[in-house]
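K.L.:
my questions are about this predicted structure, shown below with the sequence.
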Amino acid sequence: MADTLLIIDDSSTMRRIVKRTVRMSGLSFSETFEAESGEQGFEKLSADAIDVVLCDVNMTGMSGIEMVRKVRTELPERKDTRIIMVTTESSAAFVAEAMKAGADGYISKPFTPEKFTEKLTPLL
Amino acid sequence: MSEVEKDLCNPSALREAITEVFNTMVFMEINSSGPIEEDLGDQPCILGSVSFRGLFDGSLSISCSAACAKEITMNLLAFEDEDEMEPSDIPDAIGEVANMTMGTLKTMLYDRLGEITVSVPTVVSGCSMCNALRAGEVKLSATVAVADQYCVQLNLVHMYSGGKA
């Protein structure tokens, strides 16, 4: 089981919902961190090794896709960090763009704890 | 009228989208066919909206009374007590509901609507709020009852743009 989780979302409400849903999904992490922007998320990942990142896409400032791309190109030491996009986007074009940027998967909103289990378990 | 315009003028798509959001994440029952007791009238309301750009440009907004917004927030964030709530929680929650409803609608209409870009949500509060339509804009409204007690109004304003930025 992975140790650490980073939730990146510019909405504190959504960060709490994601945290609650992770808890309800039965997945456990030793520590959960939060970042309120793509920039802050990148800083956290620059400083610390994180096992799993749940990242919003549509944020003011650096978008989630931009953040993933930056992590994959500028932080090769984080190549094992699994980054999952949490988004209302689910089109084939978005999925292709996210994967090309370096994301490991996506969870579309609205979501259920079961969806978290289904998407995250294979990556842990 | 094209098929996608028919979709955008069909209130059942709006109702279906918000029902999915409420069933999945808010855990409050939506009733789109029964009588709605709450009269928003001149009482203070909260309105969350997102704008979108693509083949059609426009915005989706949801509005409800302050009491309803508080109930939605309590459910969405799984609060057991009102004291747990912070002042920013209600606008954040209503913004997220608008955002997720738009996302669901976008997924439902993707085959016909294609790619659209959705803004981050904005939230305002006030009394007797309404959309000021520009020339060429079309407005679709739908109302649903929440928990057989509250009224939530959805407005989808759109205009064909042909996908020009």
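P.N.:
Looks like it arrived, so ask away. Numbers count the residues shown, from 1 in each chain, chains lettered A, B, ... in the order given.

K.L.:
which residues does residue 91 contact?
P.N.:
I went with chain A, as the question did not name one. When contacts are counted by CB atoms under 8 Å, 6 or more residues apart in numbering or on different chains, residue A:91 touches B:106, B:107, B:110, B:115. Where C-beta positions appear, they are placed from N, C-alpha and C, glycine not excepted.

K.L.:
let me rephrase: I mean chain B.
P.N.:
B:46, B:48, B:123, B:125.

K.L.:
got it, and residue A:87?
P.N.:
Counted by CB under 8 Å, 6+ apart, residue A:87 has contacts A:56, A:57, A:58, A:64, A:94, A:106, A:107, A:108, A:109, B:103.

K.L.:
for residue B:143, same thing?
P.N.:
For residue B:143, the contact set (CB under 8 Å, 6+ apart) comprises B:36, B:151, B:152, B:153, B:154.

K.L.:
can you report how many residues neighbour residue 76?
P.N.:
No chain was given, so I picked chain A. Per other CB atoms under 10 Å in any protein chain shown, the neighbour tally for residue A:76 reads 8.

K.L.:
oops, wrong one, chain B.
P.N.:
Residue B:76, neighbours per other CB under 10 Å, totals 27.

K.L.:
residues in contact with it?
P.N.:
By CB under 8 Å, 6+ apart, the neighbours of residue B:76 are A:13, A:17, B:25, B:26, B:93, B:96, B:97.

K.L.:
just the buried members of those residues?
P.N.:
A:13, A:17, B:25, B:26, B:93, B:96, B:97 (16 or more other CB atoms under 10 Å in any protein chain shown).

K.L.:
give me the nearest residue to residue A:95, chain neighbours excluded.
P.N.:
Leaving aside its sequence neighbours, residue A:95 sits nearest to residue A:106 (CB to CB, 6 or more residues apart in numbering or on different chains; 6.3 Å).

K.L.:
turn the contacts of residue A:91 into CSV, including neighbour count, pLDDT and distance to chain A.
P.N.:
Below are the contacts of residue A:91 laid out as CSV (neighbours: other CB atoms under 10 Å in any protein chain shown; pLDDT from 0 to 100; distance: CB to the nearest CB, whole Å):
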residue, neighbour count, pLDDT, distance to chain A
B:106, 24, 89, 7
B:107, 17, 86, 5
B:110, 17, 82, 5
B:115, 15, 83, 6
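
K.L.:
tell me which element the closest residue to residue A:97 other than its chain neighbours falls in.
P.N.:
Nearest-residue entry for residue A:97: residue A:65, 6.2 Å, with adjacent residues in sequence omitted and distances by CB to CB, 6+ apart. Under DSSP states H and E, the secondary-structure element containing residue A:65 is helix A:64-74.

K.L.:
how about the helices in chain A?
P.N.:
Using DSSP state H, the helices of chain A run over A:12-25, A:38-47, A:64-74, A:92-101, A:113-120.

K.L.:
dump those helices to TSV, plus mean pLDDT.
P.N.:
Below are the helices of chain A laid out as TSV (pLDDT from 0 to 100):
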stretch	mean pLDDT
helix A:12-25	91
helix A:38-47	98
helix A:64-74	97
helix A:92-101	88
helix A:113-120	92
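
K.L.:
residue B:83: which of those helices is closest?
P.N.:
Residue B:83 lies closest to helix A:12-25 among the helices of chain A, at 15.7 Å (CB to CB).

K.L.:
near chain A, which residues of chain B?
P.N.:
Contact residues (CB under 8 Å from any CB of the partner chain) of chain B with chain A: B:20-21, B:24-25, B:73, B:76-78, B:88-89, B:92-93, B:95-96, B:99-100, B:102-104, B:106-107, B:110, B:115, B:118-120.

K.L.:
any low-confidence regions in chain B?
P.N.:
B:1, B:34-38, B:40, B:164-165 (pLDDT under 70).

K.L.:
enumerate every residue touching the residue in it that chain A sits nearest to.
P.N.:
The nearest approach of chain B to chain A comes at residue B:103, 2.3 Å away (CB to the nearest CB). Residue B:103 makes contacts with A:87, A:88, A:89, A:90, A:108, A:109, A:110, B:118, as judged by CB under 8 Å, 6+ apart.
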